[in-house]
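Student: When you get a sec, could you give me coordinates for this:
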Amino acid sequence: MKRAPTTDRNRARWPTHALWQQVGSVVAVDLQENCSGVLPSEVIETNRAEHIRMLDRQILGLFVSRAAASEVKPHEFRDFLDGHIEAIKRQSNEHPVPIGERLGKAASRYRFK
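Tutor: Model (predicted):
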């Protein structure tokens, strides 16, 4: 916010310039008139749900690509998923970094709270 200069050398004590007072008033009224009424928590939850759906679509796409690389036939896909999930569980158990640490690192990349 712009301040009107005075003889006081401390700018923090300068009064707000009249132009900036007008701008502040207009912005406050505009923001009030254009408020949607949607709670920030609802926006956060909606974004979180959409992000989860996006991750699930990516996971499915990766499984389809992995199945194709293994020449899995369409009628074998469900069995492939079951078997591959078991293999991934084993890989996770054998991973040198504990799952708690990996989950914490992944969670720190997201701000859904």
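
Student: can you give me the offset of the biggest helix by length in the chain from its chain's centre?
Tutor: Counting residues, the longest helix found in the chain (DSSP state H) is helix 40-69. Distance of helix 40-69 from its chain centroid, counting by Cα atoms, centre = their mean, to the nearest Å, is 12 Å.

Student: mind listing what's buried in it?
Tutor: When neighbours are counted by 16 or more other Cβ atoms under 10 Å, the buried residues of helix 40-69 are found to be Phe63, Ala67. Quick note: C-beta positions are derived from backbone N, CA and C, even for glycine.

Student: next structured bit after it?
Tutor: helix 77-94 (DSSP states H and E).

Student: I'd like the average pLDDT over that following helix.
Tutor: Averaged over helix 77-94, pLDDT sits at 96.

Student: Please tell me how far the lowest-mean-pLDDT helix or strand in the chain is from the chain's geometric centre.
Tutor: Within the chain, no helix or strand scores below helix 18-33, which has a mean of 79 by mean pLDDT, DSSP states H and E. A distance of 31 Å separates the centroid of the chain from that of helix 18-33, by Cα atoms, centre = their mean.

Student: before we move on, the earlier item: report the angle between the longest helix of the chain and helix 77-94.
Tutor: Using axes from the mean of the first three to the mean of the last three Cα atoms, to 10 degrees, the direction of helix 40-69 lies 110 degrees away from that of helix 77-94.

Student: Does anything pack onto helix 40-69? Which helices or strands?
Tutor: helix 77-94 (3 or more Cβ pairs under 8 Å, 6 or more residues apart in numbering; DSSP states H and E).

Student: packing partners for the helix or strand just after the helix it packs on?
Tutor: Using DSSP H and E, the next helix or strand after helix 77-94 towards the C-terminus is helix 99-107. Other helices and strands packing on helix 99-107, by 3+ Cβ pairs under 8 Å, 6+ apart, are absent; none qualifies.
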